[in-house]
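Student: need a structure here:
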Amino acid sequence: MTTKKIICAGGLAGIILFFGFLAFFFNRETSSSKLPVLGELQDFLLYDSHGDPLHREQLRGKVWVADFIFTSCSGICPVMTRNMAKLHRIFLENDRVRFVSISVNPETDSSEILARYARKHNADTQRWYFLTGPREAIQSLSVESFKIGSVEDPIFHSDRFVLVDSQMRIRGYYNGTKEEDLETLMKDILIILKERSS
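Tutor: Numbers count the residues shown, from 1 in each chain. Down below sits the predicted model:
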């Protein structure tokens, strides 16, 4: 073998070794990552954009992300919904992942209005649920169960995305308006998915 071929072969082997190391390191980091358990969700009963009831147990076995928005919001909600839509598109083909947007203005956000809002954002409403219901039930869910928002606020609102695992346990909070938090959330969804299958 000529010197030139030896150098080329050595260079190729080095590249393969480098990428092999990266793959090994990534897999080791992902498999050893452990997200904390930050709480467990209480049961709830709300209504989706088709007017059908949806309660906690219908989401059991799924990894899901929740946020609290309202359709007439002109502040952070549009940004949060666009970011939720990005996540929805990324995980659209994964039947183990769901997304849940709960209106904090149920007096205005009927199932019909939520259905229009869902269509506007190209949501598959079998995988991304838009929920409404009695104000007291939503407030209790937001403040007491998800631990976000405030009872003193008439619109008990938050910029948080909340990651929930298949056992209804809260595993992370993320700023739904920030790109870097969105990237972290995507990685954490994958960690939870791998955790469930391991």
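
Student: contact partners for residue 82?
Tutor: Residue 82 makes contact with residue 121, according to CB atoms under 8 Å, 6 or more residues apart in numbering. All C-beta spots, glycine's among them, are computed from the backbone N, C-alpha and C.

Student: quick one, what contacts the residue positioned nearest the centre of the chain?
Tutor: Nearest residue to the geometric centre of the chain (CA atoms, centre = their mean): residue 65, 2.8 Å. Taking CB under 8 Å, 6+ apart, we find residue 65 in contact with 84, 87, 98, 99, 100, 161, 162, 163, 164, 185, 189.

Student: any idea what the closest residue to the third one other than its chain neighbours is bridged to?
Tutor: In this case it means residue 98. Nearest non-adjacent residue to residue 98, counting by CB to CB, 6 or more residues apart in numbering: residue 64, 4.1 Å away. Counting by DSSP bridges, residue 64 forms beta bridges with residue 98, residue 164.

Student: got a pLDDT number for residue 64?
Tutor: Predicted confidence (pLDDT) for residue 64: 98.

Student: gap between it and residue 40?
Tutor: Noted for residue 64: a distance of 14 Å to residue 40, by CB to CB, to the nearest Å.

Student: more neighbours, the two?
Tutor: Neighbour tally, residue 64 and residue 40, criterion other CB atoms under 10 Å: the higher count belongs to residue 64, 22 against 12.
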